[in-house]
Structure formats: C-alpha cells, structure tokens
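**Q** Just the structure for this:
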Amino acid sequence: MDSTVVHPSDDVLVALRDIKKGETIKHVYGELTMIEAVERGHKAALRDINQGEQILKYGFPIGTATSTIPKGAWIHTHNVKTTLDGTLTYTYEPEQAAATKEPAENEWTFKGYERENGEVGIRNEIWIINTVGCINKTAELVAKLGNAEGYQNIDGVYNFPHPFGCSQLGDDLKSTQALLASLVHHPNAAGVLVLGLGCENNYIDLFKEALGPYNEKRIKFLAVQEAGDELEEALDLLSEIAKVVKNDKRTEVPLSKLKVGLKCGGSDGFSGITANPLVGAFSDQLIGVGGSTVLTEVPEMFGAETILMNRASSEDVFDSIVDMVNGFKDYFIRHNQVVYENPSPGNKKGGITTLEEKSLGCVQKGGFAPVADVVPYGGRVKKQGLTLVQGPGNDLVSVTALAASGAQIVLFTTGRGTPFGGPVPTVKVSTNTGLAERKKNWIDFNAGGLVEGKSMNDLANDLFHYVLRLASGEETTLNEQNGFKEIALFKDGVIL
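**A** The predicted structure follows:
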C-alpha cells in the first residue's frame, strides 16, 4: 500500500511511504497524482480546498486551510491552522457506545498476587517511596543495597526519585501527596518503605493522613534525620518487609482485576492509523471480558473531547468530563499559554499538523466503550470499564498518573520511539515496522503490520494474549529488563 484514507468523508490521504512529485498513486477511492512530494506519514489533498474551508480527517475537522490547496498538494502546518480556542459550553448528546458483555464467572483469568484490599498485583516488588526530593540518592542507595540482599520471591527493590515534597503549599502539596499515596497503595508493590527527611512540608505524619489505612507489616516508615545510621535502619525495615512478601504466591484471578493504562507519546502520522486504533480494539476487548482501561492526557483530548463526552455512561459522568476538559484549558489560560499549540516538533515532523488531528488520533486508544468514570490526578480507578484520569500529555507525568490510578500495565504507543518506562510494565507499541526493527531495545509490540496486510482482529488478539502473559509473569517488558522505571509529578503551584 502507498497510502490510506481513514474515513470516506476525508479530504486527505496519508502517505504510507515517501511519495515523489508527479507520482500517481492508488487509494481506496481512486487515484491521485501528486503535485508535490509528500513524506511518509504526511497528508495530501484529495480535492481542491479553498482558503478558509475545513479539512476533514477521521471524518472530523482537523483545521482550516490558510490558503488555497490544490488537489495532490502537501497539507501541513504551512497551509493549515487550528480552529480551536478557549473553553467551550457543551451539551450532553449521548450516543450508543459499543456494547460490552457480562463475562461468565472465571471465563478469563490471569495469575496474579491477591492483596488484602481486593486488588491484584502482577509483580511482587518492594518499592521505596520518598516523601521529598532531598533524599533521592539515599533512596537509590537503599534500593541498591536491598537488591544485593537477594530477598526471596521478590521481583526487585525499586526507588523512584522526584524533586518535590518540600516548599510546596496548598493544593500543590496535596496533589503530590495524593500521587505518592496512590503509588504506596499500588498492588504491584508487595511492600513499601516510605523514606522521609524530617523537615519537609510533606513530613511523614502528614503524609500518613493522605495515605489513609495501611498494612503495618508491608508498609514501613523511616525519617532519616532521626536515624542513627539511616542505611542500616532502612535495610532492617526492608528485611522485615521481605519476610512477609516471600510468602506471596500467584493464583488464578478473574480478568476483572486487571487495569491497563493507555498512553501515546512521540506520535506520528501513523499513530491514528495503526497503534492507537489497535490499542482501542484491545481496550474494547479487555472491557468486554470484565477488565478495565484508563485514559489520560487531557490536553490531547482537545478537539476530540465530544467523542468521549457523548459516550459518558451518565449525565454526571458527562459533567465531570466537561469540568476536566475546561479545567485544563483554564490551566493553560491562567499561565498565559496558547491552549491549542500542542503538537511537538517531533509530532509535526512525523506528519501531525494540528491539535485536532493529534487528539482525534489520540482518543482512539479508548476504543468505543462507554466512559464509566472520571477521577482526579492522583485518584484511583473505582469502576469497571473505561476511566478518564485528569493529567497532562507529558509522557513521564501521564504514565505516572496512570500507574497511580491502579493500572498494573501501561500500553504506550509511539511512532518515533522512547526508552522511558514507568513504575509498572510499560509496553511500547510501535506505529510502524521500521521503528520496531530499528529500536529493538525499546519496542515490545509492533502495530505496523496493520498497513502490511495483517487484520485488526488478528493483531488485537495477539496484543490481548501478550498482555495476559505479562500480567501472569510469563513475560517482561523491555523497560523492566533494562531497569527503566521512573516517575514524574505534576507541578502547579508556588515554590517557597
């Protein structure tokens, strides 16, 4: 295939290879002679488009023409502009979302670690969570020493450095506490050592209030200013945790216990054609057998938000989506930033022109299921199905928010590639085969086969079973194998 047209009403085709000026290429609705060269992943006009006319892709507007665009011409930032601006008023116009069946008891299972709060972990790790950035290196050293101990039945001891927890005020401090507390409660962490310094705003006793009830045998605390030898005392606490964790066993658990985060980063012109629709098909499949998926990246919903709003399971959920979207737009406006200048230089180089185009490709990761719930940044998933989580598009911050929500795995689609891995297994799904072949240390699953003759149904089934093997501990992701496990926190407030 040389090109594809995503929707019958589209005004553009997407080049699947570099196309030269003067070439005549076939597409599903006919032929097109190129009057300009078009790079792979970029768009060409299927008809003459007048200045000021809307341009459709995915069946929706992705912007307006800033000049006359003749048929066969290259369409990109030089002749298209966004039409989005500011907060909007929305009307609830529910549409029939894809039906999800009630799974039979034990119809689908995986092998996981049941936790006493009813959640299920897919890894049996010990995490070190520090309340403040001042002790990042202390936490790193403790993790290194802990791994050297060779604890039984543990998949590793991991620390997650971050720069916050001190000099924060009000809601900004509370959001840091909420995020860190949700990580402490994550089911992939069989045990947690919380390290505090002692003089920070997020001091241990205050953090315990945000944490709520916890298992004292599996969650321990150490204020290092108060310790005689913080390394020795930290190792003693890790040893206590390890004695409890070593007895954990994998058992067959229903797929309703699996939550998978959905993320895209380093997108390109193929993202909305291959990897994102594939992940959307996976999401529908997982929800259909009782599992849950989680979607964030609120700024990358701008321009496609009504698709999600009209799939809200109730008017209350619709109102929550409106508040989330307009709240994030207000965040941009409050800081005097342009709301819709979102596609990164890498996105644009890969063929994405406007935020509308990026968003329409991005939301496909959520499939077609109803939106069951909306939770705030640092909040945890409470309902089965598709949940939206408040968070930015930034890769590190959004993957961390997905993990904190309770997702045991994150599916991360990418057209340009990234080595980043979150605190949970982070599956890199490439949009094109070239990337998968070039970055074998980064890419776990290739969606490029969708433009090479493989069917969506077959590839979605392959991805589904791959995720089940990951969840059961039969496979590990490249970010796990390479030790790429990081977090990043959202910052919106005054630093003292």
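**Q** what's the closest non-adjacent residue to residue 132?
**A** Using CB to CB, 6 or more residues apart in numbering and skipping the chain neighbours, the partner closest in space to residue 132 is residue 165 (3.4 Å). Heads up, the C-betas are built off the backbone N, CA and C, glycines and all.
**Q** Let me see the contact set for the one you found.
**A** Contact criterion CB atoms under 8 Å, 6 or more residues apart in numbering gives 130-134, 176, 180, 200-202 as the residues in contact with residue 165.
**Q** Which members of the residues you listed are positioned in helices?
**A** Within the contacts of residue 165, residues falling in helices by DSSP state H are 176, 180.
**Q** Touching, residue 311 and residue 363? I think so.
**A** No: Residue 311 lies out of contact with residue 363 (CB atoms under 8 Å); the separation is 9.9 Å.
**Q** Mind jotting down where the strands sit in the stretch 151-300 of the chain?
**A** All strands of the stretch 151-300 of the chain, identified by DSSP state E, counting those that start in this stretch, fall at 157-159, 189-196, 219-223, 251-254, 259-264, 292-295.
**Q** Rebuild those as a markdown table, extending it with mean pLDDT.
**A** Output for the strands of the stretch 151-300 of the chain, formatted as a markdown table (pLDDT from 0 to 100):
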| stretch | mean pLDDT |
| --- | --- |
| strand 157-159 | 98 |
| strand 189-196 | 98 |
| strand 219-223 | 98 |
| strand 251-254 | 97 |
| strand 259-264 | 97 |
| strand 292-295 | 98 |
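**Q** Need the residues that contact stretch 200-213.
**A** Contact with stretch 200-213 is made by 131-132, 134, 164-169, 173-174, 176-178, 180-181, 184-185, 194, 196, 198, 214, 219, 221, 223, as judged by CB under 8 Å, 6+ apart.
**Q** Which members of these are classed as buried?
**A** The neighbour count (16 or more other CB atoms under 10 Å) marks 131-132, 134, 164-168, 173, 176-178, 180-181, 184-185, 194, 196, 198, 214, 219, 221, 223 as buried among the contacts of stretch 200-213.
**Q** how about the helices in the stretch 201-350 of the chain?
**A** 204-211, 230-245, 275-288, 305-309, 315-334, 345-349 (DSSP state H, counting those that start in this stretch).
**Q** I'd say residue 475 and residue 466 touch.
**A** Yes: counting by CB under 8 Å, residue 475 touches residue 466, with 7.2 Å between them.
**Q** Now residue 249: closest residue in space that isn't a chain neighbour?
**A** Nearest residue to residue 249 in three dimensions, chain neighbours excluded: residue 113, at 7.4 Å (CB to CB, 6+ apart).
**Q** three-state assignment of the one you found?
**A** Three-state call for residue 113 (DSSP: H, G, I helix; E, B strand; the rest coil): strand.
**Q** All further residue positions should be reported with the first residue as 25.
**A** Got it, first residue is 25 now, which makes that one residue 137.
**Q** quick one on the thing from earlier: pick the one among the contacts of residue 189 closest to residue 36.
**A** residue 200 (43.0 Å; CB to CB).
**Q** Tell me the pLDDT of that closest one.
**A** Residue 200 is assigned 97 on the pLDDT scale.
**Q** contacting residues around it?
**A** Contact analysis of residue 200 by CB under 8 Å, 6+ apart lists 188-189, 192, 226, 513.
**Q** Any buried residues in the helix or strand of the chain with the lowest mean pLDDT, and which?
**A** Every helix and strand in the chain was compared by mean pLDDT, DSSP states H and E; the lowest is helix 369-373, with a mean of 84. Neighbour-count burial for helix 369-373 flags 370-372 (criterion: 16+ other CB under 10 Å).
**Q** I'd like those as TSV, with distance to residue 455 appended.
**A** TSV is the format used below for the buried residues of helix 369-373 (distance: CB to CB, whole Å):
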residue	distance to residue 455
370	13
371	12
372	15
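**Q** circling back to that earlier point, mind checking pLDDT for the residue nearest to residue 156?
**A** pLDDT, residue 189: 96.
**Q** Could you measure from it over to residue 223?
**A** 11 Å (CB to CB, to the nearest Å).
**Q** before we move on, the earlier item: nearest to residue 381, of the contacts of residue 200?
**A** residue 513 (29.4 Å).
**Q** What about that closest one, how many residues nearby?
**A** The local packing of residue 513 (other CB atoms under 10 Å) involves 23 other residues.
**Q** contacting residues for it?
**A** Going by CB under 8 Å, 6+ apart, residue 513 touches 186-188, 199-200, 203-204, 421, 424.
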